[in-house]
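In: sequence and computational prediction follow.
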Amino acid sequence: MEVSVFGIRHHGPGSARSLRAALERLRPDAVLVEGPPEAGAVLELAASGGMRPPVALLTYVPDEPRRATFHPLAVFSPEWQAITYGLAGGVPVRFIDLPAANALAAGGHERAAPLREDPLGQLAAAAGYDDAERWWEDVVEQRLDGQSRFAAIAEAMAALRAQAPEPDAGEARREAAMRQGIRQARRDGAGRVAVVCGAWHAPALATLPAARADAALLKGLARVKVAVTWVPWSMSRLALASGYGAGIASPGWYHHLFSAPDNVVPRWLTRVAALLRAEGLPASTASVIDAVRLAETLAALRGRPLAGLEELDEAAQAVLTGGSSLPMALVHERLTVGEAIGAVPEETPMVPLAQDLARRQRRLRLKPDAAVRELDLDLRRPLDLDRSHLLHRLLLLGVDWGEQRQALGKAGTFHELWRLAWRPELAVGLIEAGMWGTTVADAAAARARHATRDAADLAALTALVERCLLADLPDAIGEVMRALADRVALDGDVAHLMQALPPLARVLRYGNVRRTDTGAVTAIVDGMVVRVCIGLPPACAALDDDAAAAMLERVAAVHGALALLDRPDLRARWQAALTQLGDQAGLHGLVAGRCCRLLLDAGAVEPAEAARRLGRALSAAEEPDHAAAWVEGFLSGSGLLLLHDQTLLSLLDRWLVNLPAGRFPGLLPLLRRTFSTFTEPERRQLGERVGHLGHLGRPGRAVADAAAEGLDHALAEAALPVVGLLLGAGDQEGGR
């Protein structure tokens, strides 16, 4: 038997081209490829018209889908070329690596055992290169002469292995399994056998020692039941180390290297120019010619056989983008890496849940795509509403194909904004979710019912109610609502009730748009609002700074939630509770100030009353720390109130000027935090207004002048520009 071992680099276009030519010359009787033997069950699908690389072989443990491995393949992968050569010519093709049943039983480590030292790095150093990837590309991947270098690669690897330590147990078992596969091909009567494996393994497979030693290495290995299928892969995922551990930084460039019949450099820069023109950037034919000349000149100066990606990027940036690096980021994303995602034929084995999702994707015209896609759904349209239901159901199942974005303005009432990007590893998420049901709807409902029993607190349960209604899961919502009603009845913690209200308010606000039944939610919300309003004052007694900050967030969240609802009765009850709370003796200033601001914004308190409360909080009878906290609660988030109410601004200014000596430095961090939440224009205008307060009856500049007695004016003048910047006043005089 004649055995020809071809040591290749996974995902190497030069290796793939040379291998295909070598196979056509050899015309083997059997092709053996490094890969899990179980994949032979789905190997024939590689010849199907519906198969489009990049794809990956997925092997997993059905009972534990997280125990899985991917073996990605692109059209420029040597393994893919070997497989398609054999299938097209009727030559038997087999995988000969260690079975996935053994590798996954060992945790998958058998595939990923790292080499103690990078063999390519050693060879590159010997050739005078400081970059192993660049050396390999110059020697193998970018050579277009078609000459075979497999003998030279095998010789180099044999020399390196002779000096390397003995292989570890995982590597030894893998190579023993490959040799056993070669022996099996000989027993099956193959005369000429082609073996395709990673270059490092080539010397270990060139000769066959006694079979007994290999059998002993493989005897007694643990096994698990595995399943195998094909899944779509993407160019961006090829750029990450996975499966073979052979991630590549530029899969789009490698695809171009393999597929371009000639004129590799001009064709690439033409594609770059076309991309730039599509984005509205100028890129003329003359510029492309100049860029080609520059790239080839750079390659010649550096002694490279062909202009590589580094030279092409430098030439494109210098000539086509006018030196700007921003368009080059687009070139990297769209061309160097690429956005293509593969496809598998419909007859590919899939779990029932994945099959149902594929049917729904076709019906709803939501094609999985590796590129990020923005989707604006108008929930008044039945098609878009069904799309929304599907995306929310997938989120419940942990398959985050879509990420929901916030919709602003009036359209936010009936619009949903999504960002979609299909990632190949979501295939594993679908397999995992298959335990909940055979359709997306049934699985999401079952997952929601299970989450109901596991909900840690009331807030988690109300969030689940919202997710079920968004996903339109009538089979689950009844059980979830019963659990919610029971939990609300038993939970007397006001903080828990306040955290739970906002999701339910959103359900009531947008339920009509989504045509969902929210009657049960209305009754629960009514009861929760009553209990929150009654329990809020006692819950706010004796708060420290951290507890006050947490309560502030909850109060603001409830206030915003009730503002969504067209329920004057609930808002009136809530405003009465805020009024009672704001008058409560001993209330933390942060909460008291926020209560006053919320009531003022809602029109429940007149500006004069708000000024009276602020004046009382800033009076000499109050501790400065309490006053500063009150100001923070009252003003945090917006400075417009001070800009439009001269009385409030004067009160605050007078309080600051009259602070006891030594207290201002201690309060400065808190005040700075408050004013930092204002926009830059607000801060600038406030600085201008404060500068003119002296003309409105306050001592103004006289106070500043008195305070400045004894100062070193030269030093003070030097600091004025910095102070002006801090106050947002630019080059204008501060006024005090």
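Out: Cool, the structure landed.
In: residue 13 contacts residue 260, doesn't it?
Out: No: using CB atoms under 8 Å as the test, residue 13 is too far from residue 260 to be in contact (9.6 Å). No exception for glycine: its C-beta is placed from N, CA and C like everyone else's.
In: poorly predicted segments of the stretch 551-700 of the chain, please.
Out: 620, 637-645, 651, 659-664, 666-667, 670, 691-700 (pLDDT under 70).
In: which residue ranges of it form helices?
Out: 568-582, 589-601, 607-617, 624-635, 640-644, 646-657, 664-676, 680-691 (DSSP state H, counting those that start in this stretch).
In: make a markdown table from those and add mean neighbour count and distance to residue 381 to it.
Out: As requested, the helices of the stretch 551-700 of the chain are exported to a markdown table (neighbours: other CB atoms under 10 Å; distance: least, CB to CB, whole Å):
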| stretch | mean neighbour count | distance to residue 381 |
| --- | --- | --- |
| helix 568-582 | 17 | 31 |
| helix 589-601 | 24 | 35 |
| helix 607-617 | 17 | 45 |
| helix 624-635 | 22 | 43 |
| helix 640-644 | 16 | 38 |
| helix 646-657 | 18 | 47 |
| helix 664-676 | 13 | 43 |
| helix 680-691 | 17 | 40 |
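In: out of the ones you listed, nearest to residue 186?
Out: helix 664-676 (76.6 Å; CB to CB).
In: element containing the closest residue to residue 156 other than its chain neighbours?
Out: Nearest non-adjacent residue to residue 156, counting by CB to CB, 6 or more residues apart in numbering: residue 123, 5.7 Å away. If you go by DSSP states H and E, residue 123 is part of helix 119-126.
In: rounded mean pLDDT for that helix, please.
Out: Helix 119-126 shows a mean pLDDT of 73.
In: stretch 168-178 too?
Out: 92.
In: for stretch 464-476, same thing?
Out: 86.
In: contact partners of that stretch?
Out: Surrounding stretch 464-476, the residues in contact under the criterion CB atoms under 8 Å, 6 or more residues apart in numbering are 388-389, 392-393, 395-396, 441-442, 444-446, 448-449, 451-452, 455, 477, 480-481, 484, 503-504, 506-507, 511, 514, 516, 518, 521.
In: which ones among the residues you listed map onto helices?
Out: In helices, defined here by DSSP state H, the members of those are 388-389, 392-393, 395-396, 441-442, 444-446, 448-449, 451-452, 477, 480-481, 484, 503-504, 506-507, 511, 514, 521.
In: coming back round to it: for residue 361, which of the helices of the stretch 551-700 of the chain is the nearest?
Out: Using CB to CB, those put helix 568-582 closest to residue 361, at 41.3 Å.
In: roughly how far out does that closest one sit from the chain middle?
Out: Centroid separation for helix 568-582 versus its chain: 41 Å, with CA atoms, centre = their mean, to the nearest Å.
In: before we move on, what about stretch 597-616?
Out: 44 Å.
In: render the CA-only coordinates of it in CSV, please.
Out: Only the C-alpha atoms of stretch 597-616 are listed here, as CSV (Å, rounded to 0.1, in the frame of the first residue of the first chain):
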residue,chain,number,x,y,z
ARG,A,597,-38.6,67.9,42.5
LEU,A,598,-40.9,65.1,41.3
LEU,A,599,-43.9,66.9,42.7
LEU,A,600,-42.8,70.2,41.1
ASP,A,601,-42.3,68.5,37.7
ALA,A,602,-45.8,66.9,38.0
GLY,A,603,-47.5,70.2,38.7
ALA,A,604,-48.5,69.0,42.2
VAL,A,605,-46.4,71.7,43.9
GLU,A,606,-46.3,75.3,42.8
PRO,A,607,-42.9,76.9,42.2
ALA,A,608,-43.3,79.2,45.1
GLU,A,609,-43.9,76.2,47.4
ALA,A,610,-40.8,74.5,46.0
ALA,A,611,-38.8,77.6,46.7
ARG,A,612,-40.1,77.7,50.2
ARG,A,613,-39.1,74.1,50.8
LEU,A,614,-35.6,74.7,49.3
GLY,A,615,-35.2,77.8,51.4
ARG,A,616,-36.1,75.8,54.5
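In: doesn't residue 178 make contact with residue 218?
Out: No: the pair residue 218 / residue 178 is not scored as a contact, 11.0 Å apart, by CB under 8 Å.
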